[in-house]
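Novice: Sequence plus predicted model, see below.
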Amino acid sequence: MWLSKRQKVLTERAGKIGVVSVLEAVAALKKFETDLPKGVKPCKFDQTVSIAMRLGIDPKQADQIVRGTIVLPNGIGKSKSVLVFCQGANVDVALKAGAAFAGGKELADKIKEGWTDFDVAIATPDMMGVVGPLGRVLGPRGLMPSPRAGTVTQDVANAVREYKAGKVEFRNDDYGIVHSIVGKLSFGEQQLAENVEAMIQLIRTLKPNSSKGQYIRSVTVAATQSPGVRISVSM
């Protein structure tokens, strides 16, 4: 596989780091951009930092699915565009809390035509009759409101504020790996480390009772245009 000069340099450096603490891993990611040899240019945009946790679960078993939401201590560095399906007084409540869009059938009709210019969809329980038929459009995009994710709720204001603050949803993939955003590379090292630690601690609490053997197999953090750095975690 062809690698650019930048990729070769960073991949070689990552290979020498080994398995380190959370703070050391975060520091390494930031150093990838600040300590480059002559002729290798740093990334021109603020990269997103993500975490990948390989778990000792059987993703084919319904009782071993690991999923949930988290409001990271320092946010994710991006304000999400929130849409709320609601009616009556809740429309004003949603908009005052920071929702970009709030309403009912008129929004559903736009979505049926293919409009999905928002990051999160929230619905009050009484609007599920309007929202239900949108599953074919919203489902594949991960935008369908769900009680499990906390996006079907009567507490519209709190839900909007949480997602605006950077609430993150996660679910293991078919290989038993949980992927999640944990911030931006421009965050301070301590900020990023706190977000990573919060995510790891939450995943620990979600260990399925039927999961046997080592639960957290590996943890890796990476920025958009950097190789991953392994974190020392055992459970």
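Specialist: Done, it's in.
Novice: What distance do you get for the residue nearest to residue 223 when sequence neighbours are not counted to residue 204?
Specialist: Leaving aside its chain neighbours, residue 223 sits nearest to residue 47 (4.0 Å; criterion: CB to CB, 6 or more residues apart in numbering). C-betas here are computed from N, CA, C, even on glycine. Computed as CB to CB, to the nearest Å, the residue 47 to residue 204 distance reads 27 Å.
Novice: quick one: which of the two has more around it?
Specialist: residue 47 (19 against 13; other CB atoms under 10 Å).
Novice: list the helices and strands the helix or strand in which residue 158 is found packs on?
Specialist: Assigned by DSSP states H and E, residue 158 belongs to helix 156-164. In terms of contacts (3 or more CB pairs under 8 Å, 6 or more residues apart in numbering; DSSP states H and E), helix 156-164 is packed against strand 82-85, helix 89-97, strand 120-123.
Novice: want to throw those into CSV with mean neighbour count?
Specialist: Output for these, formatted as CSV (neighbours: other CB atoms under 10 Å):
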stretch, mean neighbour count
strand 82-85, 28
helix 89-97, 17
strand 120-123, 25
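Novice: So which of the ones you listed is nearest residue 172?
Specialist: Across the helices and strands packed on helix 156-164, residue 172 has its closest neighbour in strand 120-123 (20.5 Å, CB to CB).
Novice: next structured bit after the closest one?
Specialist: Taking DSSP H and E, what comes next after strand 120-123 is helix 128-131.
Novice: got the CA coordinates for stretch 69-80 in CSV?
Specialist: The C-alpha trace of stretch 69-80 is given here as CSV (Å, rounded to 0.1, in the frame of the first residue of the first chain):
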residue,chain,number,x,y,z
THR,A,69,-24.8,7.6,25.4
ILE,A,70,-22.4,9.9,27.2
VAL,A,71,-22.0,13.6,27.7
LEU,A,72,-18.2,14.0,27.7
PRO,A,73,-16.7,16.3,30.4
ASN,A,74,-15.2,18.7,27.8
GLY,A,75,-17.6,18.2,24.9
ILE,A,76,-16.6,17.1,21.4
GLY,A,77,-15.6,20.5,20.0
LYS,A,78,-18.6,20.7,17.7
SER,A,79,-22.1,22.2,18.2
LYS,A,80,-24.6,19.8,16.8
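Novice: what does the average pLDDT come to for it?
Specialist: Mean pLDDT, computed over stretch 69-80, is 88.
Novice: Same check on stretch 126-143?
Specialist: 93.
Novice: for that stretch, the distance to its chain's centre please.
Specialist: Centre-to-centre, stretch 126-143 and its host chain are 20 Å apart (CA atoms, centre = their mean, to the nearest Å).
Novice: contacts for it?
Specialist: Residues from elsewhere that reach stretch 126-143 (CB atoms under 8 Å, 6 or more residues apart in numbering): 85-87, 104-105, 108, 111-112, 114, 116, 118, 120-121, 123, 144-145, 152, 169.
Novice: same thing but at 7 Å, please
Specialist: Residues from elsewhere that reach stretch 126-143 (CB atoms under 7 Å, 6 or more residues apart in numbering): 85-87, 104-105, 108, 111-112, 116, 121, 123, 144-145, 152.
Novice: same question, stretch 162-179
Specialist: 50, 52-55, 57, 59, 65-72, 75-76, 79-80, 82, 98, 120, 149, 180-181, 203.
Novice: Check those residues for burial and list the buried ones.
Specialist: Among the contacts of stretch 162-179, the ones that count as buried by 16 or more other CB atoms under 10 Å are 50, 53, 55, 57, 59, 66, 68, 70, 72, 75-76, 80, 82, 98, 120, 149, 180-181, 203.
Novice: Cross the residues you listed against helices and list the overlap.
Specialist: residue 203 (DSSP state H).
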